[in-house]
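Trainee: Model the structure of this input:
(2 chains)
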Amino acid sequence: MMREVRIRRLPMALSALVALALSIVPLPALLQPFRPDFLVLVVFYWSIEVPQAGGLSLAFFAGVALDVIKGVVLGQHALALTLTAAWATHLRLRLRVFSVLSQSLTIFALLTGYQFILFWVDGATGNPVTNFARWLAPIIGALIWPLMVGILRRLHDRQ
Amino acid sequence: MVAFRNTDSSGRTGLLLRCVLFALLALGLIIVDKRYDHLQRIRRVLSVAAYPVQVAVASPFEGWAWFRESVTTRDALRIHNSELEQELRLAQFRLQRYEALEAEIQRLHALRDNTTGVAARFIIGNMMDVDLDAFRERALMNKGARDGVFVGQAVLDAGGVFGQVARVSQLTSEIILISDASHAIPVQINRNGLRTVALGTGNVGRLKLPYLPTSADVRTGDLLVTSGLGGGFPSGYPVGTIAKVKREPAQSLADIDVKPAAALDRSRELMFVWPSPEPEPSTFTLPVKAPNGAAPK
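Mentor: The predicted structure follows:
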């Protein structure tokens, strides 16, 4: 808390908005299952990096935005994102000393948890999606995590 | 790799508390949204907030399409034009027959004293260049409550039935395709009037008829049309053709595949159809519940 007293929320909001747009950009049907959960990665980054800036509220509202824009049960993504973002915040001190590989593996675990909560809510509300391809997104997400950190770090450091 | 700036670990309990709080809030949202209708209005307002994002995503693609269209050569336009003229001639030729047939149908209906609604009013909507969910057959249209679109409304393309409206917001609406795994549509075989229900499979090129016995009179190539039962879809529109009939002697039900008539993976301009008002009030009408769990507004 000594070095950075002022918390800038603009990069947070901006990156979240861009990630939200990326999550509905049309892709060829063949590539669609491979689309990583951009917004989830962005929320993870901010809840690891500046947890005191309200990472959980960001997670909750980003989740609601995903629910609205994807037209699923309201609260589904909000629940999944809140729980996994809290988990990421909890792990942030450990993540700091991890190598790139271990970080990506941890992110993979978090993304799988996220996907599992979505899966569970889908089943509980009566629209189960038992497509195996939905478990691809965590793998892709973990693979592009180092890249996301690089981009967001640049955005974060610029000011 | 990362040097995190902030090492303050203040509020582990605060984190837990906020996490539980937000999670309960989200669970509450899920339950209220699933069980009751109160969130419809909130969702409609939120959708308006999401509209700029959707437009921002869709507009570059639409701009590119517009650009490509505007730089097509004169030759291409002329060829296209002559093709269209030819099609128009053919369509007009067919239309003459259609008018005669329609008149005949009206007479027959009058005879039977039972007038089913033939679609009278429609508007054309465009699909927006937005991916909703990779594992569900949904699409976002640029017509919404402002244009009078309602939940459960039938949506057609040039080939036949495309889907129905699942959710309406002020400026946009979300349609569920007939090929969605959770969609069912009442149909009838045109050749002999046999009625059944066609279910989506989650695969754009295939529907299935799981409820017909092996002895049912179904042949490959039979045309399926909407039966109009249940009131959701206007009757008489093509749904698909029978692609494959598999009869296992050991099974009591046949395994029948249907190829949809609408170009579910290609059409972008779709018609929202209003059933024509009943000419005479029927004696008794059941409240029609929109299929696939979407509650009528």
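Trainee: which residues does the closest residue to chain A within chain B contact?
Mentor: Distance from chain A to each residue of chain B (Cβ to the nearest Cβ) is smallest for B:Leu29, at 3.0 Å. Placement of C-beta: from N, CA and C, glycine included. B:Leu29 is in contact with A:Val64, A:Leu74, A:Gly75, A:Ala78, B:Leu39, counting by Cβ atoms under 8 Å, 6 or more residues apart in numbering or on different chains.
Trainee: Give the residue spans of chain A that score low on pLDDT.
Mentor: Residues of chain A meeting the criterion pLDDT under 70: A:1-7, A:159.
Trainee: Which helix runs longest in it?
Mentor: helix A:100-124 (DSSP state H).
Trainee: Could you list every helix and strand in contact with that one?
Mentor: helix A:38-49, helix A:76-97, helix A:136-157 (3 or more Cβ pairs under 8 Å, 6 or more residues apart in numbering or on different chains; DSSP states H and E).
Trainee: Select, out of those, the one closest to chain B.
Mentor: helix A:76-97 (3.6 Å).
Trainee: and the gap between the nearest residue to B:Asp255 once chain neighbours are set aside and A:Ser102?
Mentor: In space, and not counting its chain neighbours, B:Asp255 is closest to B:Lys246: 4.1 Å by Cβ to Cβ, 6 or more residues apart in numbering or on different chains. Distance check for B:Lys246 against A:Ser102: by Cβ to Cβ, to the nearest Å, it reads 52 Å.
Trainee: Let's check: the centremost residue of chain A is which one?
Mentor: Geometric centre of chain A, nearest residue: A:Val40, 1.2 Å, by Cα atoms, centre = their mean.
Trainee: Please report how far that one lies from B:Lys143.
Mentor: Taking Cβ to Cβ, one finds A:Val40 at 31 Å from B:Lys143.
Trainee: What of B:Trp64?
Mentor: B:Trp64 is 22 Å from B:Lys143, where distance means Cβ to Cβ.
Trainee: same deal with B:Ser182?
Mentor: 23 Å.
Trainee: same thing with A:His156?
Mentor: A:His156 is 41 Å from B:Lys143, by Cβ to Cβ.
Trainee: Give me the more crowded residue out of the two.
Mentor: B:Lys143 (22 against 18; other Cβ atoms under 10 Å in any protein chain shown).
Trainee: so that one touches B:Gly125, yeah?
Mentor: Yes: when contacts are counted by Cβ atoms under 8 Å, B:Lys143 is listed as touching B:Gly125 (3.8 Å).
Trainee: Return every residue with contacts to both of these two.
Mentor: Joint contacts of B:Lys143 and B:Gly125 (Cβ under 8 Å, 6+ apart) are B:Val149, B:Ser173, B:Phe272.
Trainee: which residues touch A:Ile24?
Mentor: Counted by Cβ under 8 Å, 6+ apart, A:Ile24 has contacts A:Ile69, A:Lys70, B:Val53, B:Gln54, B:Val57, B:Val130, B:Asp131, B:Leu132.
Trainee: Now secondary structure too, for the residues you listed, in a markdown table please.
Mentor: Shown next, in a markdown table, are the contacts of A:Ile24 (DSSP: H, G, I helix; E, B strand; the rest coil):
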| residue | secondary structure |
| --- | --- |
| A:Ile69 | helix |
| A:Lys70 | helix |
| B:Val53 | helix |
| B:Gln54 | helix |
| B:Val57 | helix |
| B:Val130 | coil |
| B:Asp131 | coil |
| B:Leu132 | coil |
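Trainee: quick one: which of these has the most company?
Mentor: A:Ile69 (25 neighbours).
Trainee: From chain B, how far off is that one?
Mentor: Plainly put, A:Ile69 is 5 Å away from chain B if you go by Cβ to the nearest Cβ, to the nearest Å.
Trainee: can you pull the contacts of B:Ala139?
Mentor: Here B:Ala139 is in contact with B:Met127, B:Met128, B:Leu132, B:Gly163, B:Glu174, B:Ile175, B:Leu177 (criterion: Cβ under 8 Å, 6+ apart).
Trainee: which among those residues gets closest to A:Ile140?
Mentor: Nearest to A:Ile140 among those, counting by Cβ to Cβ, is B:Leu132 at 18.9 Å.
Trainee: can the contacts of A:Ile24 go into JSON lines with extra columns for distance to A:Leu95?
Mentor: Below are the contacts of A:Ile24 laid out as JSON lines (distance: Cβ to Cβ, whole Å):
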{"residue": "A:Ile69", "distance to A:Leu95": "29"}
{"residue": "A:Lys70", "distance to A:Leu95": "28"}
{"residue": "B:Val53", "distance to A:Leu95": "30"}
{"residue": "B:Gln54", "distance to A:Leu95": "34"}
{"residue": "B:Val57", "distance to A:Leu95": "31"}
{"residue": "B:Val130", "distance to A:Leu95": "34"}
{"residue": "B:Asp131", "distance to A:Leu95": "31"}
{"residue": "B:Leu132", "distance to A:Leu95": "32"}
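Trainee: Out of those residues, flag the one nearest to A:Arg94.
Mentor: A:Lys70 (31.7 Å).
Trainee: how about the strands of the stretch 51-200 of chain B, start to end?
Mentor: B:121-126, B:138-141, B:154-156, B:161-168, B:173-177, B:184-189, B:195-200 (DSSP state E, counting those that start in this stretch).
Trainee: Other residues contacting the shortest one?
Mentor: Defining contact as Cβ under 8 Å, 6+ apart, one finds that strand B:154-156 is touched by B:119, B:122, B:125, B:141, B:161-165, B:175, B:226, B:232-234, B:237, B:262, B:270-273, B:275.
Trainee: So what are the sheet partners of it and their directions?
Mentor: strand B:161-168 (antiparallel), strand B:269-274 (antiparallel) (DSSP bridges).
Trainee: For A:Phe38, see how far away the residue of chain A found nearest chain B is.
Mentor: Of all residues in chain A, the one sitting closest to chain B is A:Gly75 (3.0 Å; Cβ to the nearest Cβ). Separation of A:Gly75 from A:Phe38 (Cβ to Cβ): 20 Å.
Trainee: Neighbour count for the two, which is higher?
Mentor: A direct count of neighbours by other Cβ under 10 Å for A:Gly75 and A:Phe38 places A:Gly75 higher, at 27 against 20.
Trainee: Just confirm that one contacts B:Asp33, I think it does.
Mentor: Yes: with contact defined as Cβ under 8 Å, A:Gly75 counts as touching B:Asp33 (6.3 Å).
Trainee: Give me every residue in the stretch 151-297 of chain B lying close to chain A.
Mentor: B:Ala166, B:Arg167, B:Glu174, B:Ser182, B:Gly202, B:Asp265, B:Gly293 (Cβ under 8 Å from any Cβ of the partner chain).
Trainee: contacting residues for the third one?
Mentor: So the one you mean is B:Glu174. A:Gly71, B:Leu132, B:Arg138, B:Ala139, B:Leu140, B:Met141, B:Val165, B:Ala166, B:Arg167, B:Val168.
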